[in-house]
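# Need coordinates for the following:
(4 chains)
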Protein chains: 2
Amino acid sequence: MPVTIKVNEETFTPRQQAVLTAALDLLVENGDGLTMTAVARRASCSKETLYKWFGDRDGLLTATVQWQAAKVRMPVVDRSHLNAKALRLSIEQFARDLLTVITGEVSITLNRTAVTHAAQEKDSLGIIVLENGPLAIRRRLKPILEAGRDARLLRFDSSEDAYRTFFGLVVRDVQIRLLLGDKALTQSNVEANIEADVKAATDQFFALYGAKANP
Amino acid sequence: MPVTIKVNEETFTPRQQAVLTAALDLLVENGDGLTMTAVARRASCSKETLYKWFGDRDGLLTATVQWQAAKVRMPVVDRSHLNAKALRLSIEQFARDLLTVITGEVSITLNRTAVTHAAQEKDSLGIIVLENGPLAIRRRLKPILEAGRDARLLRFDSSEDAYRTFFGLVVRDVQIRLLLGDKALTQSNVEANIEADVKAATDQFFALYGAKANP
DNA sequence: CCGCAGGCGTACCGTACGGTACGGTTCCAG
DNA sequence: CTGGAACCGTACCGTACGGTACGCCTGCGG
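Numbering: from 1, shown residues only, chains lettered A, B, ... in the order given. All right, here's what the predicted structure looks like:
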């Protein structure tokens, strides 16, 4: 059984990327019903090629998730002159990005796929999703938070705790409800409220961690 | 194809409950690999009986989730004399219950199963899990919050928003990381920190919604 | 004692799908 | 022009699993 998982290798030929796009499309529209035959037909390639390129079904799945997750790129925040207003805008931007990503159809599909995968003692997809989702935001947000603390604009002991509180304030129960297919949370319904939610979460975050807040 | 989904009928004979217990055990230990043959063997019953009782595989799955989810019962909080201390203890208790439930192995399994199910345009399991998980807590917490507001101990416009903020402060990124199989979050690791997390979340909740907090 | 309903165990069927093999085509190097 | 590498399309294989059929046993009402 050829494994050849190219986890840390995101270089795919255009043809391979076309295959991955087809796989992702099938994943999004058809739910979990991703079959090798379907991918081959959709991408107009042979199954043999799929197996040559990706090893097995898991390899194809991993490559798809890896490749797509890596495409999520958050805007870099200017950290040079960090007054109160700029900090607040940065935080708001992170909240907006986070909400936009997790409510997107692709993100929901990828998270569902990874959760399903994790239910079978396979945690590779979960790690990839975590790494490119929450943890990516954390890596980018933490320096901002610490810069804010250095500038006496924020107050906290652990930037890790501050980040996780931020995550909770922003995401709340939206992600789990979307993953569970809650019909009351249509995507348009959520998107319409993103701005209000962003503002509310940012207000609450500053209420808890702003310099003027109680220690 | 006999359907006979007994969604609002949680009366199962002891023999049927033994079957459901076997199904749940298999689900927990074997992940997604729940096969009718395995359940029949584990429960020492025939597949034909399974199909007679539960219709099909989905029916068995639904009955299992429904039956188990309904077993989660949260303690009722005394609402009669609601001073500040009692309110705080109640809130803490809800936070503790919520964290304890969602970090439990059974809850993780059920949520994973429901998410997997939702990836196939089947939202019945998701609804059941939602209904008996977050929404059950919401139903019980909201009256407490509103009583707290009536007693001038809390301040908020929408009890819905207050509840969802509470959920976010308590759950943060723990649930999604557990569902994705994050190895850094072993169950024991989380359980050891539950008390500290409960206190922190409650503190933050009161900082945001306590009567003395900024409007 | 008889008959039958309920249920166990097992054999069986059909199908879907992962994975492989193979012939045919295109394209490029020499 | 020729050999070969890459790849497409498709046929094929093996297996796992959902669902059904059937034979047998047990308990119980009459």
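# how about the helices of chain A, start to end?
Along chain A, the segments classed as helices by DSSP state H run A:14-30, A:36-43, A:47-54, A:57-69, A:84-103, A:105-118, A:124-132, A:134-150, A:159-171, A:174-179, A:187-209.
# In JSON lines: these, plus distance to B:Thr113.
All C-beta spots, glycine's among them, are computed from the backbone N, C-alpha and C. Shown next, in JSON lines, are the helices of chain A (distance: least, C-beta to C-beta, whole Å):
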{"stretch": "helix A:14-30", "distance to B:Thr113": "19"}
{"stretch": "helix A:36-43", "distance to B:Thr113": "24"}
{"stretch": "helix A:47-54", "distance to B:Thr113": "27"}
{"stretch": "helix A:57-69", "distance to B:Thr113": "19"}
{"stretch": "helix A:84-103", "distance to B:Thr113": "21"}
{"stretch": "helix A:105-118", "distance to B:Thr113": "9"}
{"stretch": "helix A:124-132", "distance to B:Thr113": "16"}
{"stretch": "helix A:134-150", "distance to B:Thr113": "23"}
{"stretch": "helix A:159-171", "distance to B:Thr113": "22"}
{"stretch": "helix A:174-179", "distance to B:Thr113": "12"}
{"stretch": "helix A:187-209", "distance to B:Thr113": "23"}
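# Out of the ones you listed, which gets nearest to DNA strand D?
DNA strand D lies closest to helix A:47-54 among the helices of chain A, at 3.4 Å (C-beta to the nearest atom of the strand).
# With distance to DNA strand C, mean neighbour count and mean pLDDT as new columns, can the helices of chain A be given to me in TSV?
Listed next are those as TSV, based on distance: least, C-beta to the nearest atom of the strand, whole Å; neighbours: other C-beta atoms under 10 Å in any protein chain shown; pLDDT from 0 to 100:
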stretch	distance to DNA strand C	mean neighbour count	mean pLDDT
helix A:14-30	9	17	94
helix A:36-43	4	16	96
helix A:47-54	4	16	96
helix A:57-69	4	21	93
helix A:84-103	27	19	93
helix A:105-118	13	23	95
helix A:124-132	15	22	93
helix A:134-150	29	18	92
helix A:159-171	32	22	97
helix A:174-179	22	23	96
helix A:187-209	26	17	94
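# And those: which comes nearest B:Pro143?
Nearest of the helices of chain A to B:Pro143, taken as C-beta to C-beta: helix A:174-179 at 21.6 Å.
# could you check whether the closest one is close to chain B?
Yes. Residues of helix A:174-179 contacting chain B under C-beta under 8 Å from any C-beta of the partner chain: A:175-177, A:179.
# Just want the most central residue of chain A.
By C-alpha atoms, centre = their mean, chain A has its centre lying nearest to A:Gly133, at 2.8 Å.
# For A:Gly55, give me phi and psi.
Per-residue torsions, A:Gly55: phi 80, psi -70 (degrees, to the nearest 10).
# count of residues packed around it?
The tally of other residues near A:Gly55 (other C-beta atoms under 10 Å in any protein chain shown) stands at 18.
# if we can go back for a sec, next, the contact list for the residue nearest to the centre of chain A, please.
A:69, A:72, A:101-102, A:107, A:111 (C-beta atoms under 8 Å, 6 or more residues apart in numbering or on different chains).
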